[in-house]
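Asker: Need the 3D shape of this:
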Amino acid sequence: MVMATFVNGQHKTDYGHIILETDNVLYDPSRIENTPSRVDGISKEDERDIRILACEMIQSAGLLLQLPQVAMATAQILFHRFYLVKSFVIHNYEHLAMASIFLAAKIEEYPRRIRDVINVFYHINQVRQKTTPIQVMDFTGNLYLKQKNDIIKAERRLLKVKSLPAIFVIF
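Answerer: Take a look at the predicted model:
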């Protein structure tokens, strides 16, 4: 039996021994206005442009990876929530975009190989830079290994961020 209640103005749903809380879903406007990137000197417009570019890259990658829209939306939410507590100055947005789509695909149960994610972003960057002819990434080279390690590290950073939604309390 599922019971939904409100405690201190917060919606809580009891699923037996698991309680889902929604207390970290919304942020107050002051927290959104004063992100770590702004503290590090990035203007509001530049931050918005980076966020838009990264979300467009995530959307394009999701289409090329044949992911459902819900996985792409999850990746974009993961990306935005990460940069509410971390700075664009310190963390590379392309690595986080790749890690976001890689993690979101797993969360939404449409996992993709890390090699496919890297190849798709490599292709997207070549199209953005108007590189002709478009080349296939060498999967035995140092660039691939570095990208793979960077994505795995970025995925770990994403998982460590405490501002991600859906906190599960098991007792």
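
Asker: and G141, how many neighbours?
Answerer: When neighbours are counted by other C-beta atoms under 10 Å, G141 registers 10. C-beta coordinates here come from the backbone N, C-alpha and C atoms, glycine included.

Asker: Quick check: it vs V89, distance?
Answerer: Distance, G141 to V89, using C-beta to C-beta, to the nearest Å: 29 Å.

Asker: Report pLDDT for V89.
Answerer: The confidence metric pLDDT takes the value 93 at V89.

Asker: looking at this, it is in a helix?
Answerer: No - when the secondary structure is assigned by DSSP: H, G, I helix; E, B strand; the rest coil, V89 falls in coil instead of a helix.

Asker: Just say helix, strand or coil for Q76.
Answerer: helix.

Asker: in the protein, which helix or strand is least confident?
Answerer: With mean pLDDT, DSSP states H and E as the measure, the helix or strand of the chain carrying the lowest mean pLDDT is strand 167-170 (a mean of 40).

Asker: H91 reaches R156, doesn't it?
Answerer: No - between H91 and R156 there is no contact under C-beta atoms under 8 Å: 12.0 Å.

Asker: neighbour-wise, which of these two wins?
Answerer: The residue with the greater number of neighbours, taking H91 and R156 and applying other C-beta under 10 Å, is H91; the counts read 18 against 11.

Asker: The host helix or strand of E94 packs against which elements?
Answerer: Counting by DSSP states H and E, the element that carries E94 is helix 93-107. Applying 3 or more C-beta pairs under 8 Å, 6 or more residues apart in numbering; DSSP states H and E, we find helix 93-107 packed against helix 44-64, helix 69-85, helix 114-128, helix 142-160.
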